[in-house]
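sequence first, then the predicted structure, then my questions.
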There are 2 protein chains.
Amino acid sequence: MEDSDRYILESQIGFVMRRVVQRHIAIFFSLIPDLTPTQFAALAKLCELGQASQNELGRLTSMDVATIKGVVDRLRARGLVLAEPLATDKRRLTLTPTPQGKALYRKLVSRAREVSMQTLSPLSETESQQLMVLLRKLD
Amino acid sequence: MEDSDRYILESQIGFVMRRVVQRHIAIFFSLIPDLTPTQFAALAKLCELGQASQNELGRLTSMDVATIKGVVDRLRARGLVLAEPLATDKRRLTLTPTPQGKALYRKLVSRAREVSMQTLSPLSETESQQLMVLLRKLD
DNA sequence: CACAGTCTATTTGTACACAAACAATTTTTG
DNA sequence: CAAAAATTGTTTGTGTACAAATAGACTGTG
């Protein structure tokens, strides 16, 4: 009764994940100080698609409407993304990466791969794959 | 060359973890709307310790000095935590859970266990343990 | 003992993250 | 076709999260 009553914060999945994410973000920042992980994700996805509406980009990068707006606004302010209203649907804002946006993405993508590698560096190849499989099930 | 050039956002550890954390927070909120995960972590740790300085509590819950201040301020505002300057070291703020804070913690702790269980519910017992072992290595 | 370095807490500024409410526009459907 | 429903984007408010700067208090060493 005593023992089962104890709640060990450090053993909870949420707590451990928060710490792992903190470490990951620190690694990201050390290798890519130019952009935040979120901004890079949005830019990467937009470069992959070539074009997308703001909402669409948010959905594909798992960002809330309010969040993606902020992220896109900052990318626009830095001249990495262009936004234009869509003629055929006046609700939508069509986003396109600018040449600078594409260039920055191309420059940073290898470092982004390195971020993932460094994050997983305490694990063996097999362990890394296992982890990804398990995390995907929680996705 | 083509294939190794592709950067698949959805396969990156950071992206997947962000999504898993989002799901976890949603589960947390559905079971414990009273407090945020962070607030609960701080309260739980403080109840475990009985007492701690603000900085100490921050370190033990992996929160930045500015973050723990905000969290503690909100717990104090709700009468869950009491803060008193320490006579023997005037820099420190001694934190103690109030009776209401302790009562709330006792009330919520079983639900917090349930949050962890629901988060891990897509995994078998063995898989959950594997995941925790792997995440701890990235910690 | 003095003072340089460390520690604690606060403040400010930037950036996610999400809920809720709103306006403007499609789209659906009765 | 007209009203209802859904979609897109914006705004506001709350809550992490972290960097950097500051002030006050302690500690250690010369």
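Cool, got the structure.

which residues does stretch A:8-16 contact?
B:21, B:24-25, B:28, B:37, B:41, B:44-45, B:48, B:61-62, B:112, B:115-116, B:119-120, B:131-132, B:135-136, B:139 (Cβ atoms under 8 Å, 6 or more residues apart in numbering or on different chains). All C-beta spots, glycine's among them, are computed from the backbone N, C-alpha and C.

most residues in a single strand of chain A, which one?
Identified as the longest strand of chain A according to DSSP state E is strand A:89-97.

now the following helix or strand past that one: buried residues?
Once strand A:89-97 ends, the next helix or strand along the chain (criterion: DSSP states H and E) is helix A:99-120. Within helix A:99-120, the residues scored as buried using 16 or more other Cβ atoms under 10 Å in any protein chain shown are A:101-102, A:104-105, A:108-109, A:112, A:115-116, A:119-120.

can helix A:99-120 be found next to DNA strand D?
No: if you take Cβ under 7 Å from any atom of the strand as the test, helix A:99-120 misses DNA strand D, and the best it gets is 14.0 Å.

just to revisit the earlier point, which of the contacts of stretch A:8-16 are buried?
B:21, B:24-25, B:28, B:37, B:41, B:44-45, B:61-62, B:112, B:115-116, B:119-120, B:131-132, B:135.

quick check: A:Leu82 is in a helix.
No: counting by DSSP: H, G, I helix; E, B strand; the rest coil, A:Leu82 falls outside a helix, being strand.

what's around the nearest residue to it once chain neighbours are set aside, how many residues?
The shortest distance from A:Leu82 to any non-neighbouring residue, by Cβ to Cβ, 6 or more residues apart in numbering or on different chains, is to A:Thr96 (4.9 Å). Other residues lying near A:Thr96 total 16 when counted by other Cβ atoms under 10 Å in any protein chain shown.

quick one: A:Thr96 from DNA strand C, how far?
Plainly put, A:Thr96 is 19 Å away from DNA strand C if you go by Cβ to the nearest atom of the strand, to the nearest Å.

returning to what we had before: and the longest strand of chain A, what's buried?
A:92-97.

hmm, back to that, show me which of the buried ones among the contacts of stretch A:8-16 neighbour DNA strand C.
Of these, the ones that also sit near DNA strand C (Cβ under 7 Å from any atom of the strand) are B:Ile25.

any idea of the angle the longest strand of chain A forms with helix A:99-120?
Comparing the axes of strand A:89-97 and helix A:99-120 via axes from the mean of the first three to the mean of the last three Cα atoms, to 10 degrees yields an angle of 70 degrees.
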